[in-house]
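Student: sequence and predicted structure, then a few things I'm wondering about:
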Amino acid sequence: MLTSAEISRYSRHLLLPEIGMEGQERLKAASVLVVGAGGLGSPLMMYLAAAGVGRIGVVDFDTVDESNLQRQVLYGKGDVGEKKLDAVVRRLHDLNDYISVERYDTHLSSENALDIVPQYDLVADGTDNFPTRYLVNDACVLAKKVNIYASIFRFDGQVSVFGTPDGPCYRCVYPEPPPPGMVPSCAEGGVLGVLPGILGSIQATEVIKMICRIGDPLVGRLLLFNALDMHFRTLKIHRDPECPVCGTSPTISNLIDYEEFCNGSHHSTEDATETLTAGQMNSPGIPELSALELKAKLDAADDLLLLDVRTPVEYQMTNIGGTLIPLPELQERLHELDDFREQEIVVVCRSGARSGSAVAFMKKSGFSKVRNLKGGLLAWSDTVDASITKY
């Protein structure tokens with residue numbers, strides 16, 4: 001039952017015949033787990049709290065960084081350096097003290113997902129990496145929980161409702177992850193600041209519709225949005241009877257190692273060209289050196305080539321010198337490095353992922369002394385030169 005104070009607070013909902021008292025009581029009794037307190041999670045959680053969702057669980061282990069403030073509107077300058085969960089709990093309770101917020105200061109993993117997910121009615125996936133998306137999907141299917149999914153990149157976003165009894169799951173639409181390195185993260189590729197606000201708000205709308213049992217949720221439909229064209233379109237998607245987790249004869253009955261699944265063990269590497277096109281994340285087979293080791297070599301004026309494989313814009317933002325050949329251009333421009341085949345080459349990028357892909361390709365192409373800067377320019381900024389801007 002709603003108290004008189006709650007009736008006053010939610011009066012604009014109560015006036016909607018589709019929601020009314022019954023729908024608002026459903027919201028009050030509902031529980032939603034939000035995985036990720038970043039760009040999508042910020043508007044999503046704020047609107048769920050404002051709508052009166054009675055219990056909100058939040059999984060996140062990150063701290064607030066100044067670069068988050070461009071799009072993660074839940075946080076302010078005073079939160080920088082603080083645990084995101086501390087700011088989340090404080091902000092949501094300030095917005096609505098009739099709700100409860102439960103925090104999970106941890107990385108969602110195969111070890112804990114099936115302990116956390118079953119405690120909630122719905123799950124909203126606000127993550128930004130493929131291993132966690134597949135983990136959330138599989139955990140929801142196994143626990144029979146609906147997964148309200150969204151993702152963003154640059155100017156594009158998509159939303160759907162997965163894991164309903166008759167609808168598809170994420171794996172039905174994306175049976176395999178893209179090869180590692182093919183899709184840059186938002187930190188590498190950028191994202192329009194307002195985009196997660198739009199997609200996170202749509203996620204919140206779908207959550208509310210599912211709880212109140214109103215409207216036509218995005219079950220069996222994938223909503224695509226492009227901010228540059230301000231264009232929405234919807235694709236019909238279907239449950240795959242051969243899906244390994246929700247199909248008629250599922251082969252996945254327990255959570256797996258999602259880092260291994262997404263790190264390319266199932267991708268073909270028949271030749272160096274395919275490996276470069278796909279990318280290849282760092283692995284024990286890729287030689288590396290630390291930022292401090294590279295600094296010592298540069299100070300000693302060792303004869304080495306520094307190769308930066310980021311984009312020209314990133315190079316303009318911050319760099320430590322060297323030759324710039326963006327990773328997508330490396331294959332066709334590799335001949336420019338022919339004079340350095342027997343010379344030591346150190347490849348750098350922002351975090352070490354794209355440079356690891358370049359090192360793998362170059363080794364297959366006959367460069368014997370090429371190594372990856374471990375941790376990329378982020379590690380360089382942390383251990384060598386703090387004036388190198390993090391982004």
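Tutor: Everything's here; your move.
Student: endpoints of stretch 150-167, how far apart?
Tutor: In stretch 150-167, first residue to last residue: 16 Å (C-alpha to C-alpha, to the nearest Å).
Student: now that stretch: buried residues?
Tutor: Going by neighbour count (16 or more other C-beta atoms under 10 Å), the buried part of stretch 150-167 is 150-153, 156-164, 167. The C-beta positions use only the backbone N, C-alpha and C, and glycine is treated the same way.
Student: ok, now stretch 375-383?
Tutor: Buried-residue list, stretch 375-383, by 16+ other C-beta under 10 Å: Gly375, Gly376, Leu377, Leu378, Ala379, Trp380, Ser381.
Student: before we move on, what about stretch 381-391?
Tutor: Applying a neighbour-count criterion of 16+ other C-beta under 10 Å, one finds Ser381, Val384, Ile388 buried in stretch 381-391.
Student: and for stretch 238-258?
Tutor: Under the neighbour-count criterion of 16+ other C-beta under 10 Å, stretch 238-258 has Arg239, Asp240, Cys243, Pro244, Val245, Cys246, Gly247, Ile252, Leu255, Tyr258 buried.
Student: from these, pick the one nearest Val191.
Tutor: Nearest to Val191 out of these is Tyr258 (C-beta to C-beta; 22.9 Å).
Student: in strands, which of the buried residues of stretch 150-167 appear?
Tutor: Ala150, Ser151, Ile152, Phe153, Asp156, Gly157, Gln158, Val159, Ser160, Val161, Phe162 (DSSP state E).
Student: the stretch 101-250 of the chain: strands as residue ranges?
Tutor: Along the stretch 101-250 of the chain, counting by DSSP state E, counting those that start in this stretch, strands occupy 122-125, 146-153, 156-162, 221-226, 231-236.
Student: now tabulate these in a markdown table and tack on mean pLDDT and distance to Gln24.
Tutor: Shown next, in a markdown table, are the strands of the stretch 101-250 of the chain (pLDDT from 0 to 100; distance: least, C-beta to C-beta, whole Å):
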| stretch | mean pLDDT | distance to Gln24 |
| --- | --- | --- |
| strand 122-125 | 98 | 17 |
| strand 146-153 | 96 | 19 |
| strand 156-162 | 96 | 21 |
| strand 221-226 | 95 | 26 |
| strand 231-236 | 94 | 28 |
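Student: format the ones you listed as CSV; extra columns: distance to Cys172.
Tutor: Shown next, in CSV, are these (distance: least, C-beta to C-beta, whole Å):
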stretch, distance to Cys172
strand 122-125, 15
strand 146-153, 12
strand 156-162, 8
strand 221-226, 10
strand 231-236, 12
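Student: which of those sits closest to Glu111?
Tutor: Among these, the nearest to Glu111 by C-beta to C-beta is strand 122-125 (17.2 Å).
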